[in-house]
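*Asks:* Show me how the following folds:
(one chain, ligands or ions: 2)
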Amino acid sequence: MKYQAPRGTYDILPEDIRKWHYIEDIIRRLTTLYNYSEVRTPIFEQLDLFQRSVGEDTDIVEKEMYTFKDKKGRDLALRPEGTASIARMVAERNLQSSTREPLRIWYEGQMFRYSRPQKGRYRQFYQFGVECIGSPKPIIDAEIIAIGWQILQEAKVPDVSLEINSVGCPECRDKYNILLKEFLYKDKDKYCTDCQRRMEQNPLRIFDCKNKTCQHLIEKAPRMLDNLCEECAQHFEEVKNSLEMMKVPFIVNPEIVRGLDYYTKTAFEYKINYLGAQDALGGGGRYDGLIGYLGGRQTPAVGLSMGLERIILSLEKSGFSFSEEDNLEVLIIPIGINPIQASIEMMQKLHEAGISAIVADEGSSVGSNLKYCDKNNVSFAILIGDNELKSGLYVVKNIKKKSQSEVKKEEVIDFIKTHEVVVK
Ligand SMILES: [Zn+2]
Ligand SMILES: [Zn+2]
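*Replies:* Ligands and ions are numbered 1, 2, ... in the order given. Just a heads-up that it's a prediction; the model follows:
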């Protein structure tokens, strides 16, 4: 029997991992510069957490969650996104009350959604997120938006555009929903069945419908952005001003609603136009109500999330060349079985000096090992046979220079260091 990775999942092989390290290094560096700390939360949570926070009538909760019962009959789900777990963690551990400054955190990890796999979209995918918890200030919205923007710029993802909107607060959204419903009910029967149901519960979500007829019908609908309360309108103005101060270019797009229940005020997306239908690399928004809703103290918060696969795919599409992973520096070649112990000791000394090294299989020929060095950009080979054991002089081959020296075994490390090996 031959096994296959489950549909919608994939392996990251050694030749591809450098792409991940490339983007992960940028995320780690930039979040550190902004004083964000990494957190890691469980891969599964109570099912109820996602139903409540993401929203019962979202596609994610209705159709895409991996749910299961454990042996005690608890209802659990693999996480479909990251913010719900972060909000749960903050509420449960009461983190927001322990700091004067807002809590600045980020995460990266696997998320799971049962959707139709296509290029750049998987059932298990990697997402990173950046969250600032505890401040209602518009400049913090701008900080989060700017971090995501900077990560994409540093990663050299071409032609990204940033679109922002405000989805209002519960107060102005309730008033707006009445207006929107009036508009929708005029052509109620023309919308898809999903939207007809959403019309009652959560009409704003109809802006997210992928159905062409619905999209066309809703074009002329009143916009949240034109119906913000004074406080929300003021907040949005200040977000825009802060982004201008930070020199982050943006466009206002009143159609950005972000499909999740928990967003308030600011919503934003980073978009590209060369990956077909999947034109958003990620986005986020403010979620002032969520932590209180999950039983924590009322705590304002704002965050972003992005999919790593799409970032990597967009870099591949643009022909970006990822740097190579670090090569092996030294291959130690024992000739026969007698020098195995000396070879292992040599390897350990090299490791102590921060130089990568492995011992070749003693049964393989010197010729094939040198070929291996050539092919894999290994800098040095050290040959140890019976003669070398006796004399204490090892043969060190500089592969690139095609030269060879006899070096006292105590001086091998110094010799290699002075010949341009990268010491870690
Ligand atoms: Zn409002
Ligand atoms: Zn629809």
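*Asks:* now the strands for the stretch 101-250 of the chain?
*Replies:* Listed in chain order, the strands of the stretch 101-250 of the chain (DSSP state E, counting those that start in this stretch) span 103-112, 124-133, 161-166.
*Asks:* And the ones you listed: which comes nearest ligand 1?
*Replies:* Among those, the nearest to ligand 1 by C-beta to the ion is strand 161-166 (8.2 Å). (C-beta placed from N, C-alpha, C; glycine too.)
*Asks:* centroid residue for this protein?
*Replies:* Residue closest to the average C-alpha location in the chain (C-alpha atoms, centre = their mean): residue 128, at 2.9 Å.
*Asks:* my guess is that residue meets residue 311, correct?
*Replies:* No - if you go by C-beta atoms under 8 Å, residue 128 and residue 311 don't touch, sitting 9.3 Å apart.
*Asks:* most residues in a single helix of the chain, which one?
*Replies:* helix 14-33 (DSSP state H).
*Asks:* angle of it against strand 103-112?
*Replies:* In terms of direction (axes from the mean of the first three to the mean of the last three C-alpha atoms, to 10 degrees), helix 14-33 departs from strand 103-112 by 160 degrees.
*Asks:* buried set for helix 14-33?
*Replies:* Buried residues in helix 14-33, counted by 16 or more other C-beta atoms under 10 Å: 19, 20, 22, 23, 26, 27, 28, 30, 31.
*Asks:* Tell me where the stretch 251-400 of the chain is predicted with low confidence.
*Replies:* By pLDDT under 70, the weakly predicted segments of the stretch 251-400 of the chain are 259-260, 277-278.
*Asks:* For the residue of it found nearest ligand 1, which residues are in contact?
*Replies:* Nearest residue of the stretch 251-400 of the chain to ligand 1, counting by C-beta to the ion: residue 265, 7.3 Å away. Residue 265 makes contact with 141, 166, 167, 168, 169, 232, 235, 236, 285, 286, 288 under the criterion C-beta atoms under 8 Å, 6 or more residues apart in numbering.
*Asks:* mind redoing it with 10 Å?
*Replies:* 136, 138, 141, 165-169, 172, 228, 231-232, 235-236, 239, 285-288, 300, 302 (C-beta atoms under 10 Å, 6 or more residues apart in numbering).
*Asks:* And for it, nearest residue in space, chain neighbours not counted?
*Replies:* Spatial nearest neighbour of residue 265, excluding adjacent residues (C-beta to C-beta, 6 or more residues apart in numbering): residue 286 at 4.4 Å.
*Asks:* My understanding was that the one you found contacts residue 235; is that so?
*Replies:* Yes - between residue 286 and residue 235 there is a contact under C-beta atoms under 10 Å: 8.5 Å.
*Asks:* So for those two, which residues contact both of them?
*Replies:* Here residue 286 and residue 235 share the contacting residues 136, 138, 141, 166, 169, 264, 265, 266, scored by C-beta under 10 Å, 6+ apart.
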